[in-house]
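Q: quick one, structure for this:
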Amino acid sequence: MTDGLKHAYDLTFDCVQCGYCLPACPTYETMESETHSPRGRINLVKMVAEGKASVEDMEEPIEKCLGCMACTSVCPTNVQYGSILENAKEVLDESKQTGAVESFLFDDFIPSRRWMDRLGVATWLFQKSGADRIADRLPWKMPLHLEAFAGILPEMPSPAKRNERATRYMRKRPAVKKVGFFTGCIMDSVFFGSNESTIELLLRSGAEVVLPENQTCCGALHAHSGKKEKAIELAKQNIAAYEEEQFDYIVENAGGCGAQMIDYPSLFEEGTEWHERAVAFSSRVKDISEVLVEMDGLAFSKEVDQTVTYQPSCHMTYVQKVVEPPLELLRKVPGLQLEELERPGFCCGSAGVYNLVQHEDSMDVLDVKMEDVCRTGADQVVTSNPGCLLQMKLGIKREGMESEAVHLVDLLMEADPESRY
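A: Below is the predicted model of the structure:
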């Protein structure tokens, strides 16, 4: 038995089989199968460890788990489901040979700011050529799910615009806080404009903003894919990058990144130097909404005559435990009518790259979410995570709605349009 499987096995005994997790689990609802519930997956891990089932037997149920962590919010015995899941994925990853393309993506492409910038530039060229508008009529055919995403990407900035970005933003007036901004990989390559809005809002709120040059991918995709060693390597690089200066906060605007970074201590053995450094790092990680609420420096001088609903990121809700700050900010915007979802904690189906690798299952989950969204009659769906944002854009397109999906920071910029620092 591998160390990962042994650790997962030990944790399974905290589960008392009560079934409270079942109604909270999106895949249990859409697939109507015990095997695709948290309880079913825990039992499978236990059976594999005891030699009563093969690793292959647990592959599909584990891979089809969204990893949303909704089950942890209702578990009466505090089962560490996230740790069980990631250790099980590590076992699966070790049991199969990694292909060259997958190795390149995880080891070289995603963690590289140069490659991610190239992705942004390539997408800009794709849009400028007009190919994004005729993707379904191109002589070569993309897979249908990639074709769907091609038409919902935000307008990309030019390479020149990307190169204008500084690494340090000072206020003319004294700063109240000094923050290190974590730009992320997908956020910076695909939602560059939202990152610019984040920097601007922090400045207006009274912060000095620094973008450490040695920061890298948070490692969430690696950890959730069973690639623990790479996740550890990336965590070490980020911890070291943000130790170069003393920051009051390490600010992120992507729920998935924030959840991974506050969980960095779990990657290291307690009592070691890196565990202590990870604890110090994670204690300063804050979602942008938390910092904006605390600093209370935004004016909200412009009325925004819109009905909006807020789609919370699962990792932001269940791992970071950030629920009220985004809603508090939205309630401060003059003219804005907030219609809350009936089931805000139900996953949208994005779940990292789940909507790419498990597309049909992801769309089943999205359909449930969109029923809730449609009920609100919202003009805008607001969220705080890149995966959720793309998924909401796709859901709106699939439903034929006239609504739009926006990142929280972009809506706040609309309500506070004047620079004053």
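
Q: what sits against V319?
A: Shown in contact with V319 (C-beta atoms under 8 Å, 6 or more residues apart in numbering): 69, 82, 258-259, 262-263. To be clear about C-beta, it is placed using only N, CA and C from the backbone, and glycine gets the same treatment.

Q: may I have the phi/psi pair for it?
A: With angles defined as degrees, to the nearest 10, V319 sits at phi -110, psi -50.

Q: in this protein, which helix or strand is least confident?
A: Within the chain, no helix or strand scores below helix 144-150, which has a mean of 66 by mean pLDDT, DSSP states H and E.

Q: which of the residues in whatever helix or strand comes next after that one are buried?
A: Note on helix 144-150: by DSSP states H and E, the next helix or strand toward the C-terminus is helix 159-163. Buried residues in helix 159-163, defined by neighbour count with 16 or more other C-beta atoms under 10 Å: R162.

Q: output the contacting helices and strands for helix 159-163.
A: helix 113-128 (3 or more C-beta pairs under 8 Å, 6 or more residues apart in numbering; DSSP states H and E).

Q: roughly how far does the closest residue to C314 other than its chain neighbours sit from D3?
A: Taking C-beta to C-beta, 6 or more residues apart in numbering, and ignoring the residues beside it in sequence, C314 has C68 as its nearest neighbour in space, at 3.9 Å. The gap separating C68 from D3 is 26 Å, by C-beta to C-beta, to the nearest Å.

Q: neighbour-wise, which of the two wins?
A: Shown here are C68 and D3; by other C-beta atoms under 10 Å, C68 has more neighbours (27 against 10).

Q: average pLDDT for stretch 186-200, rounded please.
A: Mean pLDDT, stretch 186-200: 94.

Q: i'd like the first residue to be 281 from this point on
A: I'll keep to 281 as the first residue from here, and by that count the last item is stretch 466-480.

Q: what residues does that stretch touch?
A: With contacts defined as C-beta under 8 Å, 6+ apart, stretch 466-480 is touched by 393, 396-397, 399-400, 403, 433-437, 441-442, 445, 449, 461, 463-464, 489, 531, 533-534, 537, 568, 666-667, 669-670, 687, 689-690, 692-693, 699.

Q: are any of these buried, and which?
A: 393, 396-397, 399-400, 403, 433-434, 436-437, 442, 449, 461, 463-464, 489, 531, 533-534, 537, 568, 666-667, 669-670, 687, 689-690, 692-693.

Q: what sits against N367?
A: 284-285, 287-288, 291.

Q: which element is it on?
A: Short version, using DSSP H and E: N367 is in helix 361-375.

Q: and what of I530?
A: According to DSSP H and E, I530 maps onto strand 529-532.

Q: ok now that strand, how far from the chain's centre?
A: For strand 529-532, the gap between its own C-alpha mean and the chain's C-alpha mean amounts to 15 Å (C-alpha atoms, centre = their mean, to the nearest Å).

Q: so what are the sheet partners of that strand and their directions?
A: Sheet pairing of strand 529-532 (DSSP bridges) gives strand 457-461 (parallel), strand 565-567 (parallel).

Q: mind putting the ones you listed in TSV, distance to K601 and mean pLDDT included?
A: As requested, these are exported to TSV (distance: least, C-beta to C-beta, whole Å; pLDDT from 0 to 100):
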stretch	distance to K601	mean pLDDT
strand 457-461	20	98
strand 565-567	10	98
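
Q: highest mean neighbour count out of those?
A: Ranked by mean neighbour count, the strands paired with strand 529-532 are led by strand 565-567 with a mean of 24 (mean count of other C-beta atoms under 10 Å).

Q: distance between that one and the chain's centre?
A: Centroid separation for strand 565-567 versus its chain: 13 Å, with C-alpha atoms, centre = their mean.

Q: check what pLDDT the residue nearest to C594 gets.
A: C348 carries a pLDDT score of 97 in this model.

Q: quick one: residues contacting it.
A: Shown in contact with C348 (C-beta under 8 Å, 6+ apart): 306, 594-595, 598, 627, 631.
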